[in-house]
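# Pasted the sequence and its predicted model underneath.
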Amino acid sequence: MGDFFNQLKTPVWIEPLSKTGLFDHPPEPEVDVTTGGRRIWAWPQSRYLARVAELAPNEVLKVILEIPRNNNSWSIWTMSRAALHMPPELAAQLVSEIQKWILNDFGS
């Protein structure tokens, strides 16, 4: 799946992929019960959204706002990168959501 998303350079796929649910399940971290450490999985879907955010900011914003809150700091980081490529008035709509994700990820 990663190769597919890594090759996408155009935002025309945002809506069709969203309708299939491919943005609905960011991978949760894998916790090592012995050490308490966490393995964070990259999420190619979020990299795609960050890459095309400048080209289709409204569509990317809509998808990001529908992504379930999760504990994957990789996806949080890439969603923040997407916001950096949006017009300020759109990125501002993500601030509170990103804050919730961060608080959720670090257990605060």
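Cool, the structure landed.
# residues near residue 97, how many?
Neighbour count for residue 97, taken as other CB atoms under 10 Å: 17. No exception for glycine: its C-beta is placed from N, CA and C like everyone else's.
# which stretches of the chain aren't confidently modelled?
Filtered on pLDDT under 70, the chain yields the residue ranges 104-108.
# Could you pull out the strands in it for me?
30-31, 38-39 (DSSP state E).
# Need those in a markdown table (columns: mean neighbour count).
Formatted as a markdown table, the strands of the chain follow (neighbours: other CB atoms under 10 Å):
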| stretch | mean neighbour count |
| --- | --- |
| strand 30-31 | 11 |
| strand 38-39 | 12 |
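# Would you reformat these as TSV and include distance to residue 18?
Output for these, formatted as TSV (distance: least, CB to CB, whole Å):
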stretch	distance to residue 18
strand 30-31	26
strand 38-39	27
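# Tell me which of those sits nearest to residue 51.
Comparison of the strands of the chain against residue 51 by CB to CB identifies strand 38-39 as nearest, at 23.9 Å.
# hang on, isn't residue 9 packed against residue 51?
Yes. At 7.2 Å, residue 9 counts as touching residue 51 under the criterion of CB atoms under 8 Å.
# So for those two, which residue has more residues nearby?
residue 51 (20 against 11).
# can you tell me which residues contact the more buried one?
Applying CB atoms under 8 Å, 6 or more residues apart in numbering to residue 51 gives the contacts 8, 9.
# Compute the number of surrounding residues for residue 83.
Neighbour tally, residue 83, other CB under 10 Å: 23.
# That one against residue 54, yeah?
No. Using CB under 8 Å, residue 83 makes no contact with residue 54, being 11.0 Å away.
# With residue 89 as the reference, measure out to residue 48.
23 Å (CB to CB, to the nearest Å).
# of the two, who's got more company?
More neighbours surround residue 48 than the other of residue 48 and residue 89, with 27 against 8 (other CB under 10 Å).
# can you tell me how far the more buried one sits from residue 33?
32 Å.
# who's in contact with stretch 57-72?
11, 14-15, 18, 23-29, 40-41, 43, 49, 52-53, 75-76, 79, 82, 85-87, 90, 93-94, 97, 100-101, 104-105.
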